[in-house]
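Trainee: coords below, sequence missing:
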């Protein structure tokens, strides 16, 4: 008997359009002989199932079911393709876990922790994970530009603490540009993190649970045409993503070890993609993403392809692991 798989996409953040693309790719690559596939749009103003003829059927938020032609559809598993809130920050995970519906993402606590850059880095530092020097600011707090510069130096990065796809991120080269950058980040979040500039090779590392084993995928080197790996570089072709990365065997082994350690230390499940910059041959962690892009051009699917894992297999494995 075919399983009912809901593919959730959209979300409430600036990333919702990217998520809709990811979700549609998942729908297109799941095995229709094995699954009944339901595209589910989770948006601020509506939760709806999009039928084959593009009609919208409301989702019952009480039990996460859909009623079509007087028949109630219950889901055997939810494939989570929502970047940002509420799919990447733990809200959806907690809701589905209360309803005892399996899902392909990590558990609620891990989602909330990794989505909060400040908390995630703080949790990993005692385990020997190297990170940039950082300064934290909350909205409404007094801003002492001199104190920030003395701690993190220039250039530095100003980031929204809980946002993805490089929204609310600025590279600051001079002291006068710091306040405008802070204001820009506060448009995305009421917490920000200001980090010292790490000068070195940037890599992205995908880690998944594949056929029951924690598996580190081939490493991707990020070469941005812009000043850093910003939105334009990520989504508008202003970067090179080179897999496998052009780094030494020693650097490769170090970052594989670190990425696996991060995944296992945080007790992750499902997908993760973490970003690192090498300084003096050592990988420094920037952040961990638990709902990475899922289009064929996205980094993690590119890495899976290099490992001989097709999109169909990648997505099918995620569902099998979630149900198991």
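Mentor: Noted; the coordinates are in hand. What you are looking at is a predicted structure, and each value in this text was computed from that prediction instead of being measured. Numbering: from 1, shown residues only.
Trainee: and the nearest residue to residue 216 once chain neighbours are set aside, what element?
Mentor: Using Cβ to Cβ, 6 or more residues apart in numbering and skipping residues adjacent in sequence, the residue nearest residue 216 is residue 256, 4.8 Å away. Bear in mind the C-beta positions are built from the backbone N, C-alpha and C, glycine included. Secondary structure from DSSP states H and E places residue 256 in helix 249-265.
Trainee: tell me what that helix is packed against?
Mentor: strand 202-210, strand 213-216, strand 272-279, strand 282-289 (3 or more Cβ pairs under 8 Å, 6 or more residues apart in numbering; DSSP states H and E).
Trainee: buried set for that helix?
Mentor: For helix 249-265, the buried set under the neighbour-count rule, 16 or more other Cβ atoms under 10 Å, comprises 251-252, 254-256, 258-259, 262-263.
Trainee: just for this protein, where's the confidence low?
Mentor: For the chain, applying pLDDT under 70 flags the ranges 164-166, 226-238.
Trainee: give me the nearest residue to the spatially most central residue of it, chain neighbours excluded.
Mentor: In the chain, the centroid-proximal residue (Cα atoms, centre = their mean) is residue 289; its distance is 2.9 Å. Spatial nearest neighbour of residue 289, chain neighbours left out: residue 273 (4.7 Å); criterion: Cβ to Cβ, 6+ apart.
Trainee: tell me how many other residues surround that neighbour.
Mentor: 23 (other Cβ atoms under 10 Å).
Trainee: that one contacts residue 204, doesn't it?
Mentor: Yes: assessed by Cβ atoms under 8 Å, residue 273 is found in contact with residue 204 at 5.9 Å.
Trainee: shared neighbours, those two?
Mentor: residue 299 (Cβ atoms under 8 Å, 6 or more residues apart in numbering).
Trainee: contacts for the helix holding residue 256 next, please.
Mentor: 124, 127, 129, 201, 203, 205, 207, 214, 216, 219, 244-245, 247, 268, 272, 274, 276, 278, 281-283, 285, 288.
Trainee: mark which of those residues are buried, thanks.
Mentor: 124, 129, 201, 203, 205, 207, 216, 219, 245, 247, 268, 272, 274, 276, 278, 283, 285, 288.
Trainee: ok, the fifth one - contacts?
Mentor: Right, residue 205. Applying Cβ under 8 Å, 6+ apart, the residues contacting residue 205 are 216-217, 219-220, 255-256, 259, 273-276.
Trainee: and the residues you listed, which is closest to residue 185?
Mentor: residue 275 (17.7 Å; Cβ to Cβ).
Trainee: number of nearby residues for the nearest residue to that closest one once chain neighbours are set aside?
Mentor: Of all residues not flanking residue 275 in the chain, residue 286 sits nearest, at 4.2 Å (Cβ to Cβ, 6+ apart). Residues lying near residue 286 (other Cβ under 10 Å) number 20.
Trainee: quick check, residue 286 in contact with residue 276.
Mentor: Yes: judged on Cβ under 8 Å, residue 286 makes contact with residue 276 at a distance of 6.5 Å.
Trainee: tell me which element residue 317 falls in.
Mentor: Here residue 317 is assigned to helix 311-323, by DSSP H and E.
Trainee: helices and strands around that helix, which ones?
Mentor: By 3+ Cβ pairs under 8 Å, 6+ apart, helix 311-323 packs against strand 3-10, helix 16-29, strand 77-80, strand 202-210, helix 299-306.
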